[in-house]
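Peer 1: what follows is a predicted structure for the sequence shown.
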Amino acid sequence: MSPAKKILIVDDEEDITILTEKFLQLENYDTLTCSNGYDALDILKENHQDIDLVLLDIMLPGMSGYEILTQIKSSYPEILVVLFTVKNFYEDFQKAKELGADGYLVKAISGNEIINYIKDILEKKKKKENN
Ligand SMILES: [Mg+2]
């Protein structure tokens with residue numbers, strides 16, 4: 001049996017990291033996690049030979065996902081990088097592709113769904129207050 005593939009998750013949203021890690025582990029992937037680009041590059045420096053894929057958020061504190069992507073691809077071109085983001089815009093998809101991303105995954109809940117959800121909650125509160 002070949003060794004489990006190892007995936008580095010880089011995301012500053014803890015809930016998403018925890019959930020994604022659980023899903024991947026259920027499918028027998030090994031995972032590493034961190035919440036910013038500086039830590040991601042440190043982890044890669046030590047472990048790049050073991051890491052198969054980086055699941056990379058775009059909106060991160062400090063270094064953006066695009067900057068991290070560029071650095072990963074220049075130092076470790078063999079590692080797959082999949083951007084994992086709420087940014088469901090063609091320009092972002094295009095930019096990711098130009099910078100060498102291997103994939104682009106929109107987080108299951110879209111920006112629209114978040115907005116609709118928030119609108120809904122705010123409206124429910126307003127209705128309650130008016131009663
Ligand atoms: Mg983020």
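Peer 2: Alright, I've got the coordinates. Residues are numbered from 1 along each chain as shown.
Peer 1: how about Asp30, what does it touch?
Peer 2: Residues in contact with Asp30 (C-beta atoms under 8 Å, 6 or more residues apart in numbering) are Ala4, Lys5, Lys6, Ile7. Using the backbone N, CA and C atoms, a C-beta is placed for each residue, glycine as well.
Peer 1: could you see whether the ion lies near stretch 80-87?
Peer 2: No - using C-beta under 5 Å from the ion, stretch 80-87 never reaches the ion; the gap is at least 7.6 Å.
Peer 1: can you tell me which residues in the chain are near the ion?
Peer 2: Counting by C-beta under 5 Å from the ion, the chain sits next to the ion at Asp12, Asp57, Met59.
Peer 1: any chance of a markdown table for these, columns pLDDT, neighbour count and secondary structure?
Peer 2: Shown next, in a markdown table, are the residues of the chain next to the ion (pLDDT from 0 to 100; neighbours: other C-beta atoms under 10 Å; DSSP: H, G, I helix; E, B strand; the rest coil):
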| residue | pLDDT | neighbour count | secondary structure |
| --- | --- | --- | --- |
| Asp12 | 97 | 15 | coil |
| Asp57 | 96 | 25 | coil |
| Met59 | 94 | 12 | coil |
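Peer 1: wait, what's in contact with Lys95?
Peer 2: Tyr66.
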